[in-house]
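# mind looking at a prediction? Sequence and model below.
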Amino acid sequence: MPTGSCFCGNIKVEYSGEPASTALCHCADCRKMSGGLYSYNVLVPSANFKVTAGTPKEISKIADSGKPITNCFCPDCGTTLFRYGDSFGGVDGLRIIKAGILDDVDVINHLKPGAELFTSRRIKWVASLDGAAQLSS
């Protein structure tokens, strides 16, 4: 069962089963939350996901999609852990786990992104990922 945690270790999560999807996202929200040029996400059904330690803080806003999205993060260190939103089935839909929080790098090594989202907002000098579906929004 893959596990993940925030930078300070106060919040821990895990999921079971195979991810529903994996994707790089080039939206402005993901750039700002990650401090990088895009984010790498593992999407799992909320029924297969749980927070095992700590209580994440939440902040909601209207995403680049025009729909509400909720960002869940550690109130102590600020690490973004996961998100959920209307584009992904709401609170009972998919959890969008930030792949960088996963504790076992071998899990990440075996989950090549299957898609890239918001490719119209990809930084021009960042190449597309070979074999990944290219979705502009």
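Sure thing, it's come through.
# distance from the chain centre to stretch 115-135, please.
With C-alpha atoms, centre = their mean, to the nearest Å as the basis, stretch 115-135 stands 16 Å off its chain's centre.
# endpoints of it, how far apart?
7 Å (C-alpha to C-alpha, to the nearest Å).
# mean confidence (pLDDT) on it, please.
Across stretch 115-135, the average pLDDT comes to 94.
# do the same with stretch 89-97
On average, the pLDDT along stretch 89-97 is 95.
# keeping just the C-alphas, turn that stretch into PDB.
C-alpha atoms of stretch 89-97 as PDB (Å, rounded to 0.1, in the frame of the first residue of the first chain):
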ATOM      1  CA  GLY A  89     -16.200  13.800  -9.000                       C
ATOM      2  CA  GLY A  90     -16.200  16.100  -5.900                       C
ATOM      3  CA  VAL A  91     -15.500  15.100  -2.400                       C
ATOM      4  CA  ASP A  92     -16.500  11.500  -3.100                       C
ATOM      5  CA  GLY A  93     -14.800  11.200  -6.400                       C
ATOM      6  CA  LEU A  94     -11.000  11.100  -7.000                       C
ATOM      7  CA  ARG A  95      -8.200  12.300  -4.800                       C
ATOM      8  CA  ILE A  96      -5.500  14.000  -6.700                       C
ATOM      9  CA  ILE A  97      -2.400  13.000  -4.800                       C
END
